[in-house]
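[1] please find the sequence and the predicted model below.
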Amino acid sequence: MEFHYSPAVQVTFFSLLLSAYSITMIGNIVIIFIISTNKHLHSPMYFFLINLSFLDILFTTSISPKFLTLLVNGNVIISYVGCMLQCYSFFFLGTTEILILAVMSFDRFMAICYPLRYMAVLTPRLCLYLALGSWACAFVDTLAPTVLVVQLSFCGSNRINHFFCDVDQLLKLSCTDTRFLNLLNFMVSALIVFGSLILIIVSYIYIIIAILKIPSSGGRWKSFATCSSHLVVVFIFYVGTVFMSLRSIKGSFVDFNKLAVMLSTIITPLLNPFIYTLRNNQVKRALRGLWNFGDKYCILRTGPGNNC
């Protein structure tokens, strides 16, 4: 793997990436813990948010540790098995996240358009099926292309011009005809990315129509606020994902592709906990409750007037 920048730039990248990775892990673990332990947050929306946070942890971990190793000591070597695992996990987890975001748009559609039927339709069993279905569909969707990549012959250079095992770069190193595999990858990516995006757009068209029918401006704003966090996450994630899907049409803009990967795997998982806590009153109340509980425990353990 290659990352051609000056030592000063690499040190800066390492510091920023290490900070982002640490904050991402802590933030998403806190989100999972708060939702799991707070009975007031045991609703379909927060169940899917747990899935999203868990995915963010795995997604950024599929890239960041190896990238940090590359930056800190210049270790650009990765085994063939490790490369295949990284390639598969990256696209499997990315596909799962796309599907979970689409499922979350359906959740918001039911909550805004059919509030009286919301809990009756989105039962715990259906939520579990939707989440498991997203994971299963992503597994099947990325399995066939990965099997075909594993069967390729590599007889030339073994240097990947990227900071992870990107499938497009692997196909360029193969001495096998990869036209069919390139077409398959593009079709699968287009089906998942643009298919899910269409579902999200249609859901929000109905949501906007339903919100505009609310007579009071306060009611309209309150309804829109419940969707704003999801909209922000969708926008940030899809900006990088759509450009990655279109790269095979425009050619090999590798540096731009690196930026798109960073946006999807590093920036989005980093921002998700802040987006859902800063714009969600229920989560903020749960965070304050957790903080107050820590203060009370500290007082009980040390006694009033003493420092923890």
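    Great, that's in hand.

[2] what about residue 194, which SS state?
    Look at residue 194: counting by DSSP: H, G, I helix; E, B strand; the rest coil, its state is helix.

[3] any idea how far residue 187 is from it?
    11 Å (C-beta to C-beta, to the nearest Å). All C-beta atoms are positioned from the backbone trio N, CA, C, and that covers glycine.

[4] look at those two and report which has more neighbours.
    The neighbour count for residue 194 versus residue 187, taken as other C-beta atoms under 10 Å, is higher for residue 194 (14 against 11).

[5] the more buried one and residue 159, how far apart?
    Counting by C-beta to C-beta - residue 194 and residue 159 are separated by 32 Å.

[6] what mean pLDDT would you report for stretch 23-39?
    Averaging pLDDT along stretch 23-39 gives 87.

[7] mind listing what's buried in it?
    Going by neighbour count (16 or more other C-beta atoms under 10 Å), the buried part of stretch 23-39 is 24-25, 27-28, 30-32, 34-35, 38.

[8] and stretch 52-65, by the same measure?
    Buried positions in stretch 52-65, judged by neighbour count with 16+ other C-beta under 10 Å: 52-57, 59-64.

[9] what of stretch 266-279?
    Buried positions in stretch 266-279, judged by neighbour count with 16+ other C-beta under 10 Å: 266-273, 275-277.

[10] now, those residues that are in helices?
    Among those, the ones falling in helices (DSSP state H) are 268-273, 275-277.

[11] format the residues you listed as CSV; extra columns: distance to residue 83 and pLDDT.
    Below are those laid out as CSV (distance: C-beta to C-beta, whole Å; pLDDT from 0 to 100):
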residue, distance to residue 83, pLDDT
268, 24, 79
269, 22, 83
270, 25, 83
271, 28, 81
272, 27, 81
273, 30, 80
275, 32, 80
276, 33, 74
277, 36, 71
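
[12] turn these into JSON lines, including distance to residue 47.
    Below are these laid out as JSON lines (distance: C-beta to C-beta, whole Å):
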{"residue": "268", "distance to residue 47": "20"}
{"residue": "269", "distance to residue 47": "19"}
{"residue": "270", "distance to residue 47": "22"}
{"residue": "271", "distance to residue 47": "21"}
{"residue": "272", "distance to residue 47": "16"}
{"residue": "273", "distance to residue 47": "16"}
{"residue": "275", "distance to residue 47": "18"}
{"residue": "276", "distance to residue 47": "13"}
{"residue": "277", "distance to residue 47": "17"}
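
[13] of those residues, which pair is most distant in space?
    Pairwise distances across those (C-beta to C-beta) peak at 15.2 Å, for the pair 268 and 277.

[14] what's the closest non-adjacent residue to residue 67?
    Of all residues not flanking residue 67 in the chain, residue 163 sits nearest, at 5.0 Å (C-beta to C-beta, 6 or more residues apart in numbering).

[15] just give the number of residues close to the one you found.
    If you count neighbours by other C-beta under 10 Å, residue 163 ends up with 21.

[16] what's the distance between it and residue 94?
    16 Å.

[17] what do you get for residue 174?
    For residue 174, the distance to residue 94 - C-beta to C-beta - is 22 Å.

[18] helix/strand/coil for residue 164?
    coil.

[19] pLDDT score for it?
    Residue 164 carries a pLDDT value of 74.

[20] hmm, back to that, out of the buried residues of stretch 23-39, which are inside helices?
    Among the buried residues of stretch 23-39, the ones falling in helices (DSSP H) are 24-25, 27-28, 30-32, 34-35.
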